[in-house]
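Asks: no sequence for this one, just the structure:
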């Protein structure tokens, strides 16, 4: 049995974003309990040249929104990147989940050969649909999701693999 591009992506993105939402709730609760300014966690980085927690969540959500839209050939849902609180990040995740939940399998399945072209700043990218999903969207999504998890774990939030995977 073969797994389709839709089955390999959208349902899993939704689950993982919901898990991220729960992890962020634990982080916010931790900050309140320990009387830590939430901005300390939101601005935390693993290393000075890496993005902070807010940017990690922004990029993770961008990957799936933009990725699904490009695969389906529909307009991208762009967000303002102005989140400054845990509530703002929760709203961003909710908007992303609501957006990708609207995609039907027929919009993404069969798009393996679709030509995907886009630019980020001066960098230009060209993929087939399948390459885009497997070598761009998924690795970038999981990289930023994992980095967000690691930032919080490094800062003492009591989360584990079960939280990341939704166990």
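Replies: All right, it came through fine. Here the structure is a predicted model, which means the values were calculated and not measured.
Asks: Give me the distance between the spatially most central residue of the chain and residue 128.
Replies: The centroid of the chain falls nearest to residue 60 when counting by CA atoms, centre = their mean (2.4 Å). In this view, residue 60 and residue 128 are 23 Å apart by CB to CB, to the nearest Å. Placement of C-beta: from N, CA and C, glycine included.
Asks: Please list the outside residues in contact with stretch 63-71.
Replies: Here stretch 63-71 makes contact (CB atoms under 8 Å, 6 or more residues apart in numbering) with 5, 9-10, 13, 17, 75-77, 79, 96, 99-100, 103, 107-108, 111, 114, 116, 118, 129, 132-133, 136-137, 140-141, 144.
Asks: Filter the residues you listed down to just the ones in strands.
Replies: The strands, defined by DSSP state E, take in 116, 118 from those.
Asks: Buried subset of the contacts of stretch 63-71 as a ChimeraX selection?
Replies: Restricted to buried positions by 16 or more other CB atoms under 10 Å, the ChimeraX selection for those reads:
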select :5,9,10,13,17,77,79,96,99,100,103,107,108,111,114,116,129,132,133,136,137,140,141,144
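Asks: Now the longest helix along the chain: buried residues?
Replies: Longest helix of the chain, by residue count under DSSP state H: helix 5-33. Of all the residues in helix 5-33, those buried under the rule 16+ other CB under 10 Å are 5-6, 8-10, 13-14, 16-17, 19-21, 23-24, 27-28, 30-31.
Asks: same deal with stretch 58-73?
Replies: In terms of neighbour count (16+ other CB under 10 Å), stretch 58-73 has its buried residues at 58-72.
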